[in-house]
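**Q** fold the following.
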Amino acid sequence: MNLKVKILFLTVVPLLCATAIITYLGLTSAKELAREELRIYENNLIKVKKEALKDQVDLAFSAIQSTLENPNLDEESAKEQVKQILDKLTYGDEGYFFAYTQDGTNLVHPIQPNFVGQNLWSFEDSSGNLLIQHLLKAAAKDGGGFHRYIWEKPSSMRQEEKLSYVSQIERWNWMFGTGLYLDDIYAELAKADATINENIRESFFTVLAIIAATIILVILLSLAINLHEHKLADDRLKALVKRFVRLQVSERRKFSRDLHDGINQLLVSCKFRIELAKNTLIKAHDTNKVEAHLDTAEEVITQSIQEIRQISHNLRPTALDDLGLKTALNSLLDQFEERTNIKVKKFIQFDENSVSDEAEITLYRLAQECLSNIEKHAQANKVSFHLSLFNQRIEFECIDNGIGFSQNKQAIKTRRQGIGLINMKERIELIGGDYNCRSQPKRGTKITATLESNILK
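**A** Next up is the predicted model:
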């Protein structure tokens, strides 16, 4: 798994985890809220139905009130008339009234007339509920009461849960009331529950769609950024290769020119002097002239040796191998200070064993180029040189108090100098370091470079 895939993985996985947790918590909260709403809705429905049942009983009581207060009717006639009124009172599709005596004898039941006259004191519903006894107890309360039980629903002929409200006819101590079947309420609640669940499901799929779109967008953006970064990296690599090739060609051209213009000419001159000495010895036997020619040849050979040493030094300073980078830099700075009379303040502190050969030669050449530019162009009288190892990172800094230069684009275009600065930048970037040059007219120049730990040993 490469770095880009790891970064994408680390981007998408936390997003998925966070989204999953938030979605789960949201769904859990939504379901709990739905259950709470359904409970409140059920309580409100039951409350409304209870009020309706109580109103129906009050209406029925109003219907029999005149009979109860009629002084012209004897007791039995009044009872019979009340039973007839209650038997005929209906509402809705399945609304009716029933009446019982205190011993549980049924007096009125228009839906199941076979119950009339029977004692149902010990009658139990399918759940074992002694419903007549419970209804009588509820009616005995001040203002009547409610009771739930199982009863056969006439329209479906099935046992359904029923809620009844009962009160008393105090004159005869009768219990009468009416009720409604709760299956309609449960059906309405189930419908509401299904609607809520459907809304939650739609919300969940909407969230999933948004999450999927977000993840796809993140992946596409990551791919686009990766492709863009890959293209930039390729462009930087190509530019770096071009600079490396250009630097290599420049070094080879310089090496070839040094060999041709320096050592080659000196060796040709030495060969000429030796031949001249030989011819002189053959023709004139003049030892003085021969000695002079040989002395000149010796000088030329000595000069050739110096040229070869200089070229070798330019390719790889022997001081780095003989003395190490720290000593070589100190020697270079001391020679610069002695040669130019420019005061040098230096701080060099690092472990030489932690620096690779490539970093050594690059830092040495960087120091050489900085000092060369200061000597040729800066007109400075003070130089601060700093090289240290901190947090597995080499930090290079060279500051002068010279005349400086402008770094705006127009000045860079018109200024012919700057090859040394370009070479320094290319050397550092070639081994993966960071290079920076800051300068202002009359405020000196500051060269900084940083080599990360991956460049070191």
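**Q** against which helices or strands is the lengthiest helix in the chain packed?
**A** Determined from DSSP state H, the single longest helix within the chain is helix 183-258. If contacts are counted by 3 or more C-beta pairs under 8 Å, 6 or more residues apart in numbering; DSSP states H and E, helix 183-258 sits against helix 3-68, strand 158-169, helix 287-315, helix 419-430. All C-beta spots, glycine's among them, are computed from the backbone N, C-alpha and C.
**Q** right, and those - which one's nearest Gln84?
**A** helix 3-68 (9.3 Å; C-beta to C-beta).
**Q** tilt between the closest one and helix 183-258?
**A** 170 degrees (axes from the mean of the first three to the mean of the last three C-alpha atoms, to 10 degrees).
**Q** make residue 1 into 13 and carry on from there
**A** Let's use 13 as the start, then, which means that last one is helix 15-80.
**Q** just checking the distance from helix 15-80 to the centre of its chain.
**A** Distance, stretch centre to chain centre, for helix 15-80: 35 Å (C-alpha atoms, centre = their mean, to the nearest Å).
**Q** packing partners of that helix?
**A** Helix 15-80 sits against helix 87-100, strand 170-181, strand 186-193, helix 195-270, with contacts defined as 3+ C-beta pairs under 8 Å, 6+ apart.
**Q** for Val25, which of those is the nearest?
**A** Counting by C-beta to C-beta, Val25 lies closest to helix 195-270 out of these; the figure is 10.4 Å.
**Q** what about Ser41, how many residues nearby?
**A** A count of nearby residues for Ser41, using other C-beta atoms under 10 Å, gives 10.
**Q** what about it, distance to Leu28?
**A** Taking C-beta to C-beta, to the nearest Å as the measure, Ser41 falls 20 Å from Leu28.
**Q** low pLDDT regions in the stretch 313-462 of the chain?
**A** Where the stretch 313-462 of the chain drops to pLDDT under 70, the residues are 321-331, 421-430.
**Q** please, where are all the strands along it?
**A** Shown for the stretch 313-462 of the chain, the strands assigned by DSSP state E, counting those that start in this stretch span residues 355-361, 394-401, 406-412, 446-451, 457-463.
**Q** which of these sits closest to Ser234?
**A** Across these, Ser234 has its closest neighbour in strand 446-451 (26.3 Å, C-beta to C-beta).
**Q** so how far is the closest one off the chain centroid?
**A** Centroid displacement of strand 446-451 relative to its chain, using C-alpha atoms, centre = their mean, is 34 Å.
**Q** buried residues, that strand. List them.
**A** Applying a neighbour-count criterion of 16 or more other C-beta atoms under 10 Å, the buried positions in strand 446-451 are Tyr447, Cys449, Ser451.
**Q** okay, how far is it across stretch 360-368, tip to tip?
**A** This stretch, stretch 360-368, spans 17 Å end to end (C-alpha to C-alpha, to the nearest Å).
**Q** try stretch 113-122
**A** Stretch 113-122 has an end-to-end distance of 16 Å (C-alpha to C-alpha).
**Q** who touches that stretch?
**A** By C-beta atoms under 8 Å, 6 or more residues apart in numbering, the surrounding residues in contact with stretch 113-122 are 95, 98-100, 102, 108-112, 127-135, 144-145, 148, 184-188.
**Q** let's see it at 7 Å
**A** The contact list for stretch 113-122 (C-beta atoms under 7 Å, 6 or more residues apart in numbering) reads 95, 98-99, 108-112, 127-133, 144, 148, 185-186.
**Q** just the buried residues from those residues, in ChimeraX please.
**A** Selecting just the buried residues from the contacts of stretch 113-122 in ChimeraX takes one command, with 16+ other C-beta under 10 Å as the test:
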select :95,98,99,108,109,110,111,112,127,128,132,144,148,186
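**Q** return the subset of the contacts of stretch 113-122 lying in strands.
**A** The strands, defined by DSSP state E, take in Tyr108, Phe109, Phe110, Ala111, Tyr112, Trp186 from those.
**Q** who does the third one bridge with?
**A** As for beta bridges, Phe110 partners with Gly189 under DSSP bridges.
**Q** OK, contacts around it?
**A** Contacts here follow C-beta under 7 Å, 6+ apart; on that basis Phe110 touches Val120, His121, Phe188, Gly189.
**Q** picking up where we left off before, can you tell me which of the helices and strands packed on helix 15-80 is most buried?
**A** Scoring the helices and strands packed on helix 15-80 by mean neighbour count under mean count of other C-beta atoms under 10 Å gives strand 186-193 as the most buried, with a mean of 23.
**Q** who are the packing partners of that strand?
**A** helix 15-80, strand 107-112, helix 143-152, strand 170-181 (3 or more C-beta pairs under 7 Å, 6 or more residues apart in numbering; DSSP states H and E).
**Q** can you list the domains in this structure?
**A** Domain segmentation of the chain under automatic domain parsing yields 46-193, 201-308, 330-463.
**Q** and Thr314, which of those is closest to it?
**A** Nearest to Thr314, of all the domains of the chain, is domain 201-308, at 9.5 Å by C-beta to C-beta.
**Q** the helices and strands packed on strand 186-193 into a markdown table, with extra columns for mean pLDDT?
**A** A markdown table is the format used below for the helices and strands packed on strand 186-193 (pLDDT from 0 to 100):
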| stretch | mean pLDDT |
| --- | --- |
| helix 15-80 | 84 |
| strand 107-112 | 94 |
| helix 143-152 | 93 |
| strand 170-181 | 93 |
